[in-house]
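> All I have is the shape, not the residue letters:
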């Protein structure tokens, strides 16, 4: 169990570093144009593959985090984890499908893809919106539950600031993404370190 929790802590750390690297080195090279033009690019495919891997790492990180809090997590923390884990799995499915399905549609049916994305009530954009919304709400609830423990309080505060920051700084383009991933990633990294150190000393 201890080795698994440490591994999950490492997953948080790797996800944090990879998210920042993704926004620094990959996202700035996305082409300009319609969604189909962007999604048809090799850069988009690479970005979504990496984003899917990060989302999966965060799933394991959450599982390990809950295991490390067994006996201390109350009802609110457990419910927060359920919402956060649900949102995280949903986000993974969106990132994965964008890499291997949306990218393919962008190559062979770009007009249809742009038409689908133009209507926010269509299943494709609506599904992504639901996943992102659940992800955001879940992580905020989970971070609030972490405020009760002194050892995870700083990480929780960074996550609470960082996740909304991604939306607030959207007008800044890639620089906003870099800033948001730096703050949120720092929270994930500190959570991972806490899990590794906690189990190493146990």
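Sure thing, it's come through. Keep in mind it's a predicted model, so treat the numbers as computed, not measured. Numbers count the residues shown, from 1 in each chain.

> and residue 83, helix, strand or coil?
helix (DSSP: H, G, I helix; E, B strand; the rest coil).

> Residue 140 is in contact with that one, correct?
No - taking contacts as CB atoms under 8 Å, residue 83 lies outside contact range of residue 140: 9.4 Å. Every C-beta, even on glycine, is put in place using the N, C-alpha and C of the backbone.

> Please name the nearest non-neighbouring residue to the residue nearest in space to the middle of the chain.
Among the residues of the chain, the one closest to the centroid is residue 55, at 5.1 Å (CA atoms, centre = their mean). The spatially closest residue to residue 55, leaving aside those adjacent along the chain, is residue 92, at 3.8 Å (CB to CB, 6 or more residues apart in numbering).

> Does that neighbour touch residue 56 like I think?
Yes - if you go by CB under 8 Å, residue 92 and residue 56 touch, sitting 5.4 Å apart.

> between the two, which one's more packed in?
Higher neighbour count among residue 92 and residue 56: residue 92, with 21 against 18, using other CB atoms under 10 Å.

> where does the more buried one fall, phi/psi-wise?
Per-residue torsions, residue 92: phi -60, psi -40 (degrees, to the nearest 10).

> quick one, helices of this protein?
2-21, 35-39, 42-68, 75-97, 103-108, 110-118, 123-146, 153-168, 174-200 (DSSP state H).

> which stretch among these comes nearest residue 28?
helix 174-200 (4.7 Å; CB to CB).

> State the mean pLDDT of that closest one.
Averaged over helix 174-200, pLDDT sits at 93.

> swap in stretch 55-69?
Mean pLDDT, stretch 55-69: 95.

> Show me which helix or strand of the protein is least confident by mean pLDDT.
helix 174-200 (a mean of 93; mean pLDDT, DSSP states H and E).

> quick one on the thing from earlier: now the helices of the chain in a markdown table, with distance to residue 28?
Converted to a markdown table, the helices of the chain look like this (distance: least, CB to CB, whole Å):
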| stretch | distance to residue 28 |
| --- | --- |
| helix 2-21 | 12 |
| helix 35-39 | 13 |
| helix 42-68 | 9 |
| helix 75-97 | 19 |
| helix 103-108 | 19 |
| helix 110-118 | 22 |
| helix 123-146 | 21 |
| helix 153-168 | 16 |
| helix 174-200 | 5 |
